[in-house]
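any chance you can model this:
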Amino acid sequence: MYQKYFKRGIDLFLSFCGIVVLSPLLLILAVIIKCTSKGPVLFKQKRIGKNDTHFMIYKFRTMYTDTPKDMPTHLLENPDAFITPIGHFLRKTSLDELPQLFNILKGDMAVVGPRPALWNQYDLIALRDENGSSTIRPGLTGLAQISGRDELEIPIKAKLDGQYAQKITFLEDVRILFATVFSVLCSEGVQEGKHS
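The predicted structure is shown next:
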């Protein structure tokens, strides 16, 4: 009942309130990004949404415009060479994710759900199709995000996504949100560049 009747309404309320309350911060970050490197303020990238549809995800741009496209940052050989002066701070604090509040407001995403895969992450997409997690909206945060983020192997990440999709409750969403705050404050699971 929660997923069918209430989850979307809560997402709308939280995203709208978040945009209003955080609008001064969003404006300040936009100005800093524009003043410290060439290129647009926002980074847009094609991602996989509910039922394997495509949408453009919004993030604050943290990398230079000549960075290889459609490649997860943790797979870059030397990500530091591509990250802008303010980019490290934005990524470490997850402030670069704030524009996704507009994705949530539009209906592309939820506050809690599997993180949206890149359109070319075929292995992750296939596993999500198998376990049913591709049938729900991707989220700003999720069970995998509080369980290791970039450090997780794709099969483990997909398994956690499937576990969440099978049992979506209000209390679980609240638990994930609080755990996300703790994870962000501690910068847990953030991995930049290839690790052996």
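
Met56 in helix, strand or coil?
When classified by DSSP: H, G, I helix; E, B strand; the rest coil, Met56 comes out as strand.

quick check: it vs Lys106, distance?
Counting by Cβ to Cβ, to the nearest Å, the separation of Met56 from Lys106 is 10 Å. C-beta here means a position set from N, CA and C on the backbone, and glycine is covered the same way.

surely Asp173 meets Lys7?
Yes: counting by Cβ atoms under 8 Å, Asp173 touches Lys7, with 7.4 Å between them.

need phi/psi at the residue positioned nearest the centre of the chain.
Nearest to the mean C-alpha position of the chain, counting by Cα atoms, centre = their mean, stands Leu140 at 4.6 Å. The phi/psi pair for Leu140 (degrees, to the nearest 10) reads phi -70, psi -40.

that one reaches Leu105, doesn't it?
No: using Cβ under 8 Å, Leu140 makes no contact with Leu105, being 11.4 Å away.

which helix runs longest in the protein?
helix 7-36 (DSSP state H).

now do the buried residues in the helix or strand following it.
Per DSSP states H and E, the first helix or strand lying C-terminal to helix 7-36 is strand 42-48. For strand 42-48, the neighbour count (16 or more other Cβ atoms under 10 Å) marks Leu42, Phe43, Arg47, Ile48 as buried.

next: stretch 167-177.
Here stretch 167-177 shows Ile168, Asp173, Ile176 as buried, counting by 16+ other Cβ under 10 Å.

quickly find the element holding Thr67.
Thr67 belongs to no helix or strand, assigned by DSSP H and E.

and it, its phi and psi?
Residue torsions, per degrees, to the nearest 10, at Thr67 are phi -70, psi 140.

can you pick out the most distant pair from the buried residues of strand 42-48?
Leu42 and Ile48 (19.3 Å; Cβ to Cβ).

Lys69: what secondary structure?
Classified using three-state DSSP, Lys69 is coil.

quick one: residues contacting it.
Gln45 (Cβ atoms under 8 Å, 6 or more residues apart in numbering).

repeat for Leu42
Applying Cβ under 8 Å, 6+ apart, we find Leu42 in contact with Tyr58, Lys59, Phe60, Arg61, Pro99.
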